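Undergrad: One predicted model, sequence on top.
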Amino acid sequence: MHRLKAPQTWYLVGLILFIVSFFLPSWPQTIGFLAATVLAGYHIVAEGFTHTITESKIQHKFVPNVHLLMSLAAVGSIIIGSFEEAALLILIFAGAHFLENYAEGKSKREITALLKLNPVEARRFGAGDEIEIVPVDQLKIGDRVQVLNGDQVPTDGEILTGTANINEASINGESMPREKGPGDGVFGSTINGDSTFEMVVTKDSRDTVFAQILAMVEQSQNSLGKTATKIQKFEPIYVRTVLALIPLVILAGPFIFQWSWSLTFYRTVVFLIGASPCALAAAAVPATLSGLSNLAKRGVLFKGGAYLTQLAELQAVAFDKTGTLTVGRPAVTDVYFEPTVDQATLIQQVKSMEAQSNHPLATAIVAHFKDVPTVPVTVTNELGKGIYSDIAGHKVAVAKPTSFAQLPADLQARIDDLAQAGKTVVVVAVDDQPRGLLALMDLPNQAAAQAIRYFQQQRVHTTMITGDAKLTGEAVARQLGIDQVAANVLPENKAAIIQQQQQTYPVTAMVGDGVNDAPALVTADIGVAMGEGTDVAIDVADVVLMQNDLSKLADAHRVSRKLSRVVWENIIFAMAVVVLLVVLNFMGIANITWGVVLHEGSTLLVILNGLRLLLAK
């Protein structure tokens, strides 16, 4: 830790000495500027030479970096007696270097903050039900664990006994606790509320959702975008070119421009400063890391900067329907009973019957009539038809419309309209006489609607891929405003649809949450998994939305587009300053002081422009 802080400490000492030197007499002032140069920039010189030597040995060719150029420029300035300019050059360059490290450090601090959330101990039940404190990495699948109030959940598992209010902010970014009981899943690193519960471990500590998040954040820091990677590869080529031009500049001075040898050496140093690619080298990396860090705080995790930069080029996005575009569970949308029936009594009977079933439709009906009390009933379930019960001397049925030989014309018309709207209808009958109906539907997610509207504004083609019937898919698509629907799609055919999309739209994304979406997520240029989806989908995806909120994908697209703009602004600005300084130098206008200020000032501006993405909304 001390080694990391030492350069910064000596840099501050050098900066203070540089300022003090202006108030000193001639020769102490020279010593002060020299000392400031050495103290503020010794790590720059060391990195320039050691990195060049190391990389050259590894790659078996000369691989210089921009630090080497800056070191040579500083040495050249000292040789010609420009001690103040040498110190200024190193101070500004080192300051820019620290600022660039800040952007990287900001991203690394996201990892450090996550590591602090990683649980280290657990209360495990032993063979005799005694509790033992063990390291989390010793937990095995099937172990029973006790979680006290206020404690961290040690690993992923399922509640056996007790209830809890779990703060899952470390997983999905949501500050509101979630109520959980027996059978509900819990995640490692989340915080238990004011109750105690027992849980069974369902995952190895290396495979938990939190471990996956940590791995993705680390991976994103080490994988930069295409532009950043190209700049990093281009830097040594550029530096070699500048070094190769130095002898030509020295020869051109006296023989072409008729300069004296002293002026030629001076102009060569100015050329070395002006042509150095400091700003270019900092054009993409700080901006990319800032964008990744910003989105990570919002619960959007990228497995590499390349996917973030590519998102700006998105031309089409395909969505799985259930759980992605929709809530993922049915809800009652329409209730109709004939005016002649006792509606309150019939609803109570229907809820009492449905309470005996664990079918998703039954769960939705019970939830819809949550304030209606139930009565004891015995239910008969006829597979493929519905449920039946004898209540108070009457045979009550909640069944599919096709279970009835004939339905009243007005009821059939209602059913047809609801089916056209993509809804599932069940008929309520008493003594074989249809008396009403309930319509249910997996409702569109409002966050999905916002995201679809955004992508349409950006002229990104949207497609829904669903295994549901065409009517159901088209009904949801109409509500969301989706451009295209692929219905009745088998899981194995989803990837083929993505391939077809890629023929028309070269950069295509796929958003899904299930095992059956995995092949399509891999096939797409950018695979996006919902954070509450299956482990397989999360593993193969390139991006994970931890809050299951598609509006976050729109946010990521905005940040990606802004990142693209910022990087190109930086590249154009950096190269414009280089060209300007080189031209002014050969015109005899630029001097070392202004060369240092303009060149290194442009580097600072480029880095600060990239850091704006930390605050992007």
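TA: All right, it came through fine. Since this is a predicted model, take the numbers as computed values, not measurements. Numbering: from 1, shown residues only.
Undergrad: Please tell me I have it right and P7 contacts V45.
TA: No - the criterion here is C-beta atoms under 8 Å, and P7 misses it with V45 at 11.3 Å. Bear in mind the C-beta positions are built from the backbone N, C-alpha and C, glycine included.
Undergrad: show me where the stretch 51-200 of the chain has helices.
TA: With DSSP state H, counting those that start in this stretch as the criterion, the stretch 51-200 of the chain has helices at 66-79, 83-117, 169-172.
Undergrad: hey, least reliable of these by pLDDT?
TA: Mean pLDDT per stretch puts helix 169-172 lowest among the helices of the stretch 51-200 of the chain, at a mean of 60.
Undergrad: Flag the shaky bits of the stretch 451-600 of the chain, pLDDT-wise.
TA: Applying pLDDT under 70 to the stretch 451-600 of the chain picks out residues 491, 515, 533-536.
Undergrad: just checking, next helix/strand downstream of the helix or strand harbouring D555?
TA: Applying DSSP states H and E as the criterion places D555 in helix 551-586. Where DSSP H and E defines the elements, the next helix or strand beyond helix 551-586 is helix 592-611.
Undergrad: Please spell out which residues along that next one are buried.
TA: 592, 594-596, 598-600, 602-607, 609-611 (16 or more other C-beta atoms under 10 Å).
Undergrad: Over to stretch 191-203?
TA: 191-193, 196-199, 201-203.
Undergrad: Same check on stretch 77-93?
TA: 77-78, 80, 82-93.
Undergrad: Other residues contacting it?
TA: 11, 14-15, 18, 21, 30, 33-34, 36-37, 40-41, 44, 70, 73-75, 262, 265-266, 269, 273, 278, 592-593, 596-597, 600-601, 603-604 (C-beta atoms under 8 Å, 6 or more residues apart in numbering).
Undergrad: Tell me how far that stretch lies from the chain's centre.
TA: Relative to its chain's centre, stretch 77-93 lies at 43 Å (C-alpha atoms, centre = their mean, to the nearest Å).
Undergrad: For the stretch 251-400 of the chain, which segments count as strands?
TA: All strands of the stretch 251-400 of the chain, identified by DSSP state E, counting those that start in this stretch, fall at 300-302, 316-320, 326-337, 380-382, 386-391, 394-399.
Undergrad: Show me how the record splits this protein into domains.
TA: 140-203, 312-326+445-555, 327-443 (automatic domain parsing).
Undergrad: The residue nearest to K494 when sequence neighbours are not counted: neighbour count?
TA: Once flanking residues are discounted, K494 sits nearest to A520: 3.9 Å by C-beta to C-beta, 6 or more residues apart in numbering. Residues near A520, counting by other C-beta atoms under 10 Å, number 29.
Undergrad: Just to be sure, A520 is in a helix?
TA: Yes - assignment of A520 by DSSP: H, G, I helix; E, B strand; the rest coil places it within a helix.
Undergrad: which residues touch it?
TA: Residues counted as contacts of A520 (C-beta under 8 Å, 6+ apart) are 318, 320, 465, 494-495, 497-498, 510, 512, 527.
Undergrad: Which of the residues in stretch 421-434 are classified as buried?
TA: Within stretch 421-434, the residues that count as buried by 16+ other C-beta under 10 Å are 421-430, 434.
Undergrad: An error on my part: the question was meant for stretch 496-504.
TA: Applying 16+ other C-beta under 10 Å to stretch 496-504 flags 497-498, 501-502 as buried.
Undergrad: outside of that stretch, which residues touch it?
TA: In contact with stretch 496-504 (C-beta under 8 Å, 6+ apart) are residues 316, 318, 461, 463, 465, 486, 489, 508, 510, 520, 523-525.
Undergrad: how about a cut-off of 10 Å?
TA: Where contact means C-beta atoms under 10 Å, 6 or more residues apart in numbering, the residues beyond stretch 496-504 that reach it are 315-318, 461, 463, 465, 484, 486, 489-490, 508-510, 519-525, 527.
Undergrad: Can you give the distance from it to the centre of its chain?
TA: Its chain's average C-alpha position is 24 Å from that of stretch 496-504, according to C-alpha atoms, centre = their mean.
Undergrad: likewise stretch 495-506?
TA: Relative to its parent chain, stretch 495-506 has a centroid offset of 24 Å by C-alpha atoms, centre = their mean.
Undergrad: CA atoms only for that stretch, dumped as PDB, please.
TA: Extracted in PDB, the C-alpha atoms of stretch 495-506 (Å, rounded to 0.1, in the frame of the first residue of the first chain):
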ATOM      1  CA  ALA A 495     -31.000 -19.000 -32.000                       C
ATOM      2  CA  ALA A 496     -32.000 -19.400 -35.600                       C
ATOM      3  CA  ILE A 497     -34.200 -16.300 -35.400                       C
ATOM      4  CA  ILE A 498     -31.300 -14.300 -34.000                       C
ATOM      5  CA  GLN A 499     -29.200 -15.500 -36.900                       C
ATOM      6  CA  GLN A 500     -31.900 -14.300 -39.400                       C
ATOM      7  CA  GLN A 501     -32.000 -10.900 -37.600                       C
ATOM      8  CA  GLN A 502     -28.200 -10.600 -37.900                       C
ATOM      9  CA  GLN A 503     -28.500 -10.900 -41.700                       C
ATOM     10  CA  THR A 504     -30.500  -7.600 -41.800                       C
ATOM     11  CA  TYR A 505     -29.200  -6.000 -38.600                       C
ATOM     12  CA  PRO A 506     -25.400  -6.700 -38.200                       C
END
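Undergrad: Name the nearest residue to T163, ignoring sequence neighbours.
TA: T163 sits nearest to G181 (C-beta to C-beta, 6+ apart), 4.6 Å away.
Undergrad: give me every residue that touches that neighbour.
TA: 159, 161-164, 197.
Undergrad: still on that earlier bit, is it possible to get a markdown table of the contacts of A520 that adds distance to F187 and secondary structure?
TA: Below are those laid out as a markdown table (distance: C-beta to C-beta, whole Å; DSSP: H, G, I helix; E, B strand; the rest coil):
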| residue | distance to F187 | secondary structure |
| --- | --- | --- |
| A318 | 28 | strand |
| D320 | 23 | strand |
| I465 | 28 | strand |
| K494 | 28 | helix |
| A495 | 29 | helix |
| I497 | 32 | helix |
| I498 | 30 | helix |
| M510 | 25 | strand |
| G512 | 21 | strand |
| G527 | 22 | strand |
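Undergrad: now the residues you listed in CSV, with distance to K552?
TA: Shown next, in CSV, are these (distance: C-beta to C-beta, whole Å):
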residue, distance to K552
A318, 17
D320, 16
I465, 20
K494, 22
A495, 25
I497, 24
I498, 21
M510, 16
G512, 15
G527, 15
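Undergrad: between those, which has the most around it?
TA: For the contacts of A520, counting by other C-beta under 10 Å, the largest number of neighbours falls to M510: 32 neighbours.
Undergrad: Contacts only, for that one.
TA: Counting by C-beta under 10 Å, 6+ apart, M510 has contacts 316-320, 324, 463, 465, 494-495, 497-498, 501, 517-529, 541-542.
Undergrad: so what's it bridging to?
TA: A318, G527 (DSSP bridges).
Undergrad: thinking again about what came up before, phi and psi next, for the residue nearest to T163.
TA: Torsion angles at G181 (phi, psi; degrees, to the nearest 10) stand at phi -140, psi -170.
Undergrad: Check it and give its pLDDT.
TA: Residue-level pLDDT assigned to G181 equals 88.
Undergrad: Distance of the nearest residue to T472 once chain neighbours are set aside relative to L471?
TA: Residue nearest to T472 in three dimensions, not counting chain neighbours: G422, with 4.0 Å by C-beta to C-beta, 6+ apart. For G422, the distance to L471 equals 5 Å [C-beta to C-beta, to the nearest Å].
Undergrad: Next: S56.
TA: S56 is 67 Å from L471, by C-beta to C-beta.
Undergrad: ditto for E569
TA: When E569 is compared with L471 (using C-beta to C-beta), they lie 49 Å apart.
Undergrad: I'd like the mean pLDDT over stretch 50-65, please.
TA: So the average pLDDT for stretch 50-65 ends up being 86.
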